[in-house]
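# Give me a model of this one.
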Amino acid sequence: VLSKLESEWARAIARADGGVLGPLRPLTYASTRWAMPAAPPTAPVTLVTQCSLDRLPRLRMAAEAWSGPVSAAVYVPAPKGSVQAAAAEEMLRDELDALGPRAAAQLTIVLLYMPAPEGQHAGAPAPRLPGSAAEYDALYPINALRNLALDGAPTDLVLLLDVDFVPSAGLLRDLMHSGALGAVASSITALVLPAFEVTPSTPLPRSQAALASLVHAGLASAFHVAHFPRGHAPTNVARWLAAATPYHVPYEEYYEPYIVASRSWLPRYDERFRGYGMNKVSHLYAVAAAGATFVVQPAHFVVAHEHA
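Numbering: from 1, shown residues only. Below you'll find the predicted structure:
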């Protein structure tokens, strides 16, 4: 009886949401392939990420730290062909000019443009009333960007990462030499890279020893442990700090680690999610539902400064 009531309640909420916002549907976006690698990939894993224009410096940091192929989708909050879009493209040119030649040679960038409201041309202002479907459609299309970046990856194996994070030093090299990638390539395995955050004034650590010192000093912690501990709790930071070999962890609801996996079985991101909140949780749920085994990689990690 309870299950039937819950189902009826869920349908009632969906009808109410639809009456206000209209159906929550994927949107069609204009996109442009902006940058392409100058040569074949130098490594078997591509860092896949997405960002807004204000995060372009973070993209540069991640690309230079990774030292391998990168596929990034960048959101332009203006319709393609508009004056605002042209200004955004110029900003991107300036940022790419500052990128080191090695990282630039392995970078794929695709631009995703805000769709113009129906009936309006690209240069017209877009009225979006509070609470309207148009306002929701204008939110940051985070999962559409993630899918676009995935599609641009030149390798089967991918590291799914948010742009604020920087990989630990030597991560790609050690993955290639450890044998871990063989299992990832040949099975439904999600290789977990523990995620950490440090205080805003603390330089990002690049080694496990440096990170451990910051954790003991209270200057670093598991990512979002203070206000969303379920997101990374199964990784078990205490175990990772002492681990010398990979170890399996069970999937738990709301687990949202950063993973290396094969595109051959990875589910697509649900593009109905726009804005922020639960978008990555839903994808990791789909990863688990696909039968993935979660294996935590020792010694290496990803780290960011504290942010919302």
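# contacts, neighbours, all on C-alpha from now
Fine.
# where do the helices sit along the stretch 1-150 of the chain?
For the stretch 1-150 of the chain, applying DSSP state H, counting those that start in this stretch gives helices covering 2-21, 56-66, 83-97, 101-104, 133-137, 142-152.
# nope, the stretch 201-308 of the chain is what I meant
208-216, 237-242, 279-289.
# Go through the first one and flag the buried ones.
Okay, so that is helix 208-216. Going by neighbour count (16 or more other Cα atoms under 10 Å), the buried part of helix 208-216 is 208, 211-212, 214-215.
# try the second one
By neighbour count, with 16+ other Cα under 10 Å as the criterion, the buried positions of helix 237-242 are 237, 240-241.
# Low-confidence stretches in the protein?
By pLDDT under 70, the weakly predicted segments of the chain are 1-27, 118-138, 277, 308.
# if we go to 80?
For the chain, applying pLDDT under 80 flags the ranges 1-27, 38, 117-138, 275-278, 308.
# returning to what we had before: using JSON lines, lay out the buried residues of helix 237-242 together with distance to Ser52.
Shown next, in JSON lines, are these (distance: Cα to Cα, whole Å):
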{"residue": "Val237", "distance to Ser52": "30"}
{"residue": "Trp240", "distance to Ser52": "32"}
{"residue": "Leu241", "distance to Ser52": "33"}
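# follow-up on the earlier one: put together a markdown table for the helices of the stretch 201-308 of the chain, with distance to Pro101 on each row.
Converted to a markdown table, the helices of the stretch 201-308 of the chain look like this (distance: least, Cα to Cα, whole Å):
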| stretch | distance to Pro101 |
| --- | --- |
| helix 208-216 | 28 |
| helix 237-242 | 35 |
| helix 279-289 | 32 |
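# Which one, of those helices, ends up nearest to Thr32?
helix 279-289 (23.8 Å; Cα to Cα).
# Restrict that closest one to CA atoms and write it as CSV.
Provided in CSV are the C-alpha atoms of helix 279-289 (Å, rounded to 0.1, in the frame of the first residue of the first chain):
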residue,chain,number,x,y,z
ASN,A,279,23.4,16.0,-11.4
LYS,A,280,26.5,13.9,-10.7
VAL,A,281,24.8,11.8,-8.0
SER,A,282,22.3,10.7,-10.6
HIS,A,283,25.1,9.7,-13.0
LEU,A,284,27.0,7.6,-10.4
TYR,A,285,23.7,5.9,-9.6
ALA,A,286,23.4,4.9,-13.2
VAL,A,287,27.1,3.8,-13.2
ALA,A,288,26.3,1.5,-10.2
ALA,A,289,23.1,0.3,-11.9
